[in-house]
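Need a 3D model of the sequence below.
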Amino acid sequence: GIGSVELANVMVYSALLGQAIDLPMDSAAWEAKLNDLIANSTHEKKVVEVSNEDFSASFRK
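You can find the predicted model right below:
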């Protein structure tokens, strides 16, 4: 449930900050940290092109 989600979020947030976090956590601070991570991310998503080839011959009938 929601308690499990909050516990998981606190564990990640604590690891990111390198300190213990009290429950209930400050959701505004967690959201700000997530937004900071997103804004400063250097990850580039690879674009996968979809093939329009007919694969029906590759299956047994």
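
where in this protein is pLDDT low?
61 (pLDDT under 70).

What ranges does it have for its strands?
Applying DSSP state E to the chain gives no strands.

Show me where it has its helices.
Secondary structure of the chain (DSSP state H): helices at 2-17, 27-39.

Could you take those and lay them out as a markdown table, with extra columns for mean neighbour count and distance to Lys45?
No exception for glycine: its C-beta is placed from N, CA and C like everyone else's. Below are those laid out as a markdown table (neighbours: other C-beta atoms under 10 Å; distance: least, C-beta to C-beta, whole Å):
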| stretch | mean neighbour count | distance to Lys45 |
| --- | --- | --- |
| helix 2-17 | 12 | 21 |
| helix 27-39 | 11 | 13 |
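
Make JSON lines out of those helices and add distance to Lys46.
Below are the helices of the chain laid out as JSON lines (distance: least, C-beta to C-beta, whole Å):
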{"stretch": "helix 2-17", "distance to Lys46": "25"}
{"stretch": "helix 27-39", "distance to Lys46": "18"}
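
between those, which gets nearest to Glu49?
helix 27-39 (25.9 Å; C-beta to C-beta).

how far is that closest one from where the chain is centred?
12 Å (C-alpha atoms, centre = their mean, to the nearest Å).

that older thread, ok, which of the helices of the chain comes nearest Phe55?
Nearest of the helices of the chain (C-beta to C-beta): helix 27-39, 36.8 Å.
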